[in-house]
Structure formats: structure tokens, C-alpha cells
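Undergrad: Okay, predicted coordinates and the sequence, questions at the end:
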Amino acid sequence: MTRTSTPPDDQGQPPRITVIGAGYLGATHAACMAALGFQVLGVDVDSERVDRLGRGEVPFHEPGLPELLSTQVAEGRLRFTTSLALAAEFGDTHFVCVGTPELPRGYGADLSQVVTVIEMLGPLLTRPCLVVGKSTVPVGTAEPLARRLAELSPVGEHARLAWNPEFLREGHGIQDTLRPDRLVFGVTDDVAERALRRVYAPLLADTPERPATPVVVCDLPTAELVKVAANAYLATRLSFVNLVADVCEASGADVVPLTRALGLDPRIGDRFLGAGLGYGGGCLPKDLRAFTARAEQLGAGRGVELLQAVDQINVERRSRTVALVREELGGEVTDARVAVLGAAFKPHSDDVRDSPALTVAADLHLHGARVAVHDPHALTNARRELPTVDYADSAYEAATGADIVLHLTEWPEYAALDPDRLRRLVRRPTLLDARNTLDRDHWTRAGWSVRSLGRPRHPGSPAPGSLQHRRAIGTGHHGGAGSPTVGGAARET
Ligand SMILES: NC(=O)C1=CN([C@@H]2O[C@H](COP(=O)(O)OP(=O)(O)OC[C@H]3O[C@@H](n4cnc5c(N)ncnc54)[C@H](O)[C@@H]3O)[C@@H](O)[C@H]2O)C=CC1
Ligand SMILES: O=C(O)[C@H]1O[C@H](OP(=O)(O)OP(=O)(O)OC[C@H]2O[C@@H](n3ccc(=O)[nH]c3=O)[C@H](O)[C@@H]2O)[C@H](O)[C@@H](O)[C@@H]1O
């Protein structure tokens, strides 16, 4: 790494920040940078999104962000535009937060949004500045982009590129941005490092509320790879516990006390050990696959098979859940009424990208089930993604007349449901808790047959087909118009 004495572009003024790409990451980052006191200009190609953000409205669900963003807009620190030219004129630190989705036909990341930003922004950069990649990209992306940026810009290598990967989790975006576990600065010289330290200065000092954020300074490839490795590790951890969950199921062990015991080992830790339906979302699945593709290109050998197995195990959680539904319904899902609780890929988000819950709902629908989905915040996105199933405004409405209730996204609202009330609404009191977070004793006491992923059937829950179960559900066959209801099912509005 080159070290220079006086940075030529260090003006001693607070940096003026632009954030290019105002999706989940960019809108959150822009609002947080403004909350740190900077003047911020957000840029997006989507003019409707820009208009809404400019009015202080957040076009997705992220707890706390509407309040934070609208305050920053009202107080004049945060504005939005569709014009990159305005951004180039305004800013000296440009964060790139555009999407890097999976390639439509396969294996690898689609980098076209990132490349377009560099190609369009480069010629507009007429004074020394720092372009900071935050999007998640395969290792080896940034170095050629840095060269291209210097080629395109009238100020040449004074238009620097750094990579500062982002680790925020949807649903915790503000906390993760303003109080990150760590900051990674991938830089090519100390000018870039100093510029990043100026931007993040408010997080780099100890305060009574929080200790200074640790910083790892490294080269561009390492910064890119830290991020990808973190997501691939998280995915691997989940597929590992889900593999253990399968062994639990086959052997009569219980994955819930098992992961509690695992998590008490400080070398393992208790976070991110929730076995069940597996991971989804706009990041872990696509980042793992992009890493697998890159690792294969770079000759990673058997390691590629490990990553492929992680993906495969995760995908199979969804088909395993469908298989359990089929089993609970006596082998046949056609015309069965299925209530799905949860559509978002995780609680506290309205994101349905690669949502395990929606995959299960779609699969059951495809096999002839009548599926009603509820989610506290993701219904609009879910309807757009999967228009063919029914949607309900409450969990109670979704469950009305159901042969089975599936708990697929662990919103806190669902832990607070009243199993007695629900039991009076359903046709059969059968619950599949695919997230292993509901209180099984409570549901069983209320008369439910409870099934989980990776856990033995609850001792109080009758097995399907057993005399006890047939008594509980009233009769043998399911789905018939004349099936007796349990507890007198009635539609609730
Ligand atoms: N969603 C998350 O929680 C996190 C995402 N990331 C990474 O950040 C990147 C962005 O992710 P999301 O915000 O989820 O994606 P997103 O799809 O929600 O947002 C991307 C935004 O970029 C805009 N855009 C596309 N081309 C543009 C251009 N040429 N100029 C200006 N704007 C443009 C799109 O209109 C969209 O609003 C991805 O690489 C992702 O892997 C990293 C950490 C967390
Ligand atoms: O690169 C990204 O965009 C982000 O991806 C993930 O964040 P996110 O996708 O928002 O959500 P997570 O909280 O990681 O959950 C991912 C998936 O794993 C599932 N999960 C999580 C935890 C658990 O114990 N079990 C489990 O199945 C969730 O239901 C969800 O479907 C990472 O956690 C972030 O650090 C990273 O910045």
C-alpha cells in the first residue's frame, strides 16, 4: 500500500456524501450518514423512489427508518435526486450501494449496476474524490474498477476507489449502521484510508454510550472477500444446524435443547443457530452462490462441494417442510386448506426476495392446496411476487377453516397468538412450527397437534392417523365438505 504524507484532497471540511442506489442498503446508509451530521445526497434511477424518499417516506419496512429519514429530510441534511451529474458536483465521498443480484441464468453475481455507476460517474468526477463500494461483489471486482475509474475521470488517479463492505441486517439496519460490530476499509493508499476515517470519525471514538468501532484496514480483494466470507459462513452455520436437525428428527433427538447446549460453548456462541426452515432473502442465498462460482473459477477444489452442499441443504428445508405438511395431512394436499403465517424472508422486514415462506406457499398451491397467507408487513410485496394464492389481513382470518397452520416466519405477533381462539376457527388443530419458536406446551394444552422441524413430536400431540388424532380432528378423511369442524369453526373478520 502506498503511503503519502499530506493528502492532496484533504480539505479539512466535513465530507459531502452521496449515496448511489437508494434501496434497503442505500436509503438506510444515506439516512444514517445524515444523522451523523453530514450533508447527504441520495441518488437512484427509480424516479418514483426518489420522489417518495425526497418527501421523507421510506418505500419499504425497516423499523425506525421512517422517523430517522423524515427528520433528516425535514432538517435539510438529506436530499434525493436521479441525477448523477448533480451527485458528482455535490459530493467528495460517493458510496455505491446499487444491487448485485444473482445472474438470471445461473451461477454468479450480476455486476451490471455497479459497472454502470462507475462508467457513468467516472467522467463526471472533475475534482479529487473517493468512490466507496458498499455493494457485495465477488473478489477481484474492485481492482479493475479502480483502474477504470482513474481512466475515465479527468482527475485520473485522484478519483480513488475504496471498498467498505456493509454488514447490516434488514430489520436492524439503523443499529447496524450506527453501531456496527466492525468497519472494513479496503484501500489502495493512505489518502483513501484517511478519507474513510473522516467519514466514520463519529463511530471511531470511545463514548460513554459505546466503545470505538474496531477497524480493519486491508487491500481491495480482502475487503471484498471479508463480506462474502461472512455471509457464506453464516449460511454454512445455518445449514450445519439444519443438517443436525435432520439427524435429530431421524434419531428422536431434539434440536432445540441441542442448539442451546451448543450455543453455551463460548467458542460457538448462541446467535444464528436457529434450526428450521432455513435462510432466504436478498443476500445470503445469492452471495453464497456467487462465492461458490468465484471459488470454483479460482480453483478452490473440494471447498466448492462444501459450499454447494450448504446451498442444497438449505433449499431442501423448504421441500422437507412441504413433505411434513403432506404427512400431517395424511399424504394428500389437494384441496386441503393451508394457513401460512409469514411471507417475509425474516421478521421485521417486508422483503420477500427468496423467501422460504413464499416458496413453501407456492409449492403447496401448485400441488392443489388452498393457501391463505398472512404477514404483518410483507403482504404488498408478497402479492406482487406470488399473486396466485389468497392473502388474509390477520392470522386469525388466514386460519379460518384451515386443515393445517404453518408458522414460517417468526414474527413476534405470532408468538402472541391465542391458540384457544385459533382452535375454534380452524377445521383441524394441526400446527407445523417450521421456525421452532412457538411455545409447544401452550399450543398442545390448547388442543393442537404440534409438529416441528428437527424435534420429536410433542408428547401431548397425537400422530396423524392415530386414534387420538382422528378423535381430535373428528374423523378420517380431510378436506371433505362435510368434515366435522373442531370446536365449531366459524369465520372471523
Ligand atoms: N439489503 C441489505 O440488507 C444489504 C445489502 N447489501 C448489498 O448491498 C447492495 C444493495 O442491496 P439492496 O439495497 O438490498 O438492493 P436494492 O435492490 O434494494 O437496491 C438497489 C437500488 O439501486 C438502484 N440502482 C440501480 N442501478 C442504479 C444506478 N445506475 N444508479 C443509481 N441507482 C441505481 C435501484 O433502483 C435500487 O433502488 C447489494 O450488493 C447487496 O448484496 C449489503 C448489506 C446489507
Ligand atoms: O449481506 C447482507 O445483505 C446481509 O445478509 C444477512 O442479513 P439479512 O439477510 O438481513 O438477514 P439475517 O438476519 O442474516 O437472516 C438471513 C436468513 O437466515 C434465517 N435465519 C437467521 C438466523 C437463524 O438463527 N436462523 C435462520 O434461519 C433468517 O430467517 C433469514 O431467512 C447478514 O446477517 C448481514 O450481516 C449482511 O449484511
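TA: It's in. Ligands and ions are numbered 1, 2, ... in the order given.

Undergrad: Contact residues of the stretch 1-150 of the chain facing ligand 1?
TA: Residues of the stretch 1-150 of the chain lying near ligand 1 by C-beta under 6 Å from any ligand atom: 20-26, 43-46, 49, 97-100, 113, 116-117, 135-136. C-betas here are computed from N, CA, C, even on glycine.

Undergrad: In strands, which of those fall?
TA: Ile20, Val43 (DSSP state E).

Undergrad: For the residue nearest in space to the middle of the chain, give me its contacts.
TA: In the chain, the centroid-proximal residue (C-alpha atoms, centre = their mean) is Gly281; its distance is 4.1 Å. Applying C-beta atoms under 8 Å, 6 or more residues apart in numbering, one finds that Gly281 lies in contact with Glu170, Phe345, Lys346, Ser349, Asp351, Arg353, Asp354, Ser355.

Undergrad: what's the last one in contact with, if anything?
TA: Read it as Ser355. Ser355 touches Gly280, Gly281, Ala343, Ala344, Phe345, Ala378, Ala382, Glu385, Thr409, counting by C-beta under 8 Å, 6+ apart.

Undergrad: Of the residues you listed, which are in range of ligand 1?
TA: Answer for the contacts of Ser355 near ligand 1: none qualify (C-beta under 6 Å from any ligand atom).

Undergrad: How about the residues of the chain by ligand 2?
TA: Checking the chain against ligand 2 by C-beta under 6 Å from any ligand atom, the hits are 136, 166-170, 231, 234, 238, 272-274, 276, 278-281, 283-284, 345-346.

Undergrad: ranges for the strands of the stretch 101-250 of the chain?
TA: 129-133, 159-163, 183-186, 215-218 (DSSP state E, counting those that start in this stretch).

Undergrad: what about the closest residue to ligand 1 within the stretch 301-450 of the chain, is that helix, strand or coil?
TA: Using C-beta to the nearest ligand atom, the closest approach of the stretch 301-450 of the chain to ligand 1 is made by Asp351 at 7.3 Å. Secondary structure state of Asp351, per DSSP: H, G, I helix; E, B strand; the rest coil, is coil.

Undergrad: That one contacts Gly23, correct?
TA: No - applying C-beta atoms under 8 Å, one finds Asp351 not in contact with Gly23, separated by 10.0 Å.

Undergrad: my guess is Asn314 meets Tyr279, correct?
TA: Yes - Asn314 lies in contact with Tyr279 (C-beta under 8 Å); the separation is 5.9 Å.

Undergrad: what do the two both touch?
TA: Counting by C-beta under 8 Å, 6+ apart, the residues touching both Asn314 and Tyr279 are Ala235, Leu238, Pro285.

Undergrad: which residues does the closest residue to Ile404 other than its chain neighbours bridge with?
TA: Once flanking residues are discounted, Ile404 sits nearest to Thr430: 4.6 Å by C-beta to C-beta, 6 or more residues apart in numbering. Bridge pairing for Thr430 (DSSP bridges) gives the partners Ser449.

Undergrad: what residues are up against the residue of the stretch 151-300 of the chain found nearest ligand 1?
TA: Proximity of the stretch 151-300 of the chain to ligand 1 (C-beta to the nearest ligand atom) peaks at Glu166, 4.0 Å away. Listed by C-beta under 8 Å, 6+ apart, the contact set of Glu166 reads Leu25, His29, Cys97, Lys134, Thr136, Thr177, Lys227.

Undergrad: Just among these, which is most surrounded?
TA: Cys97 (27 neighbours; other C-beta atoms under 10 Å).
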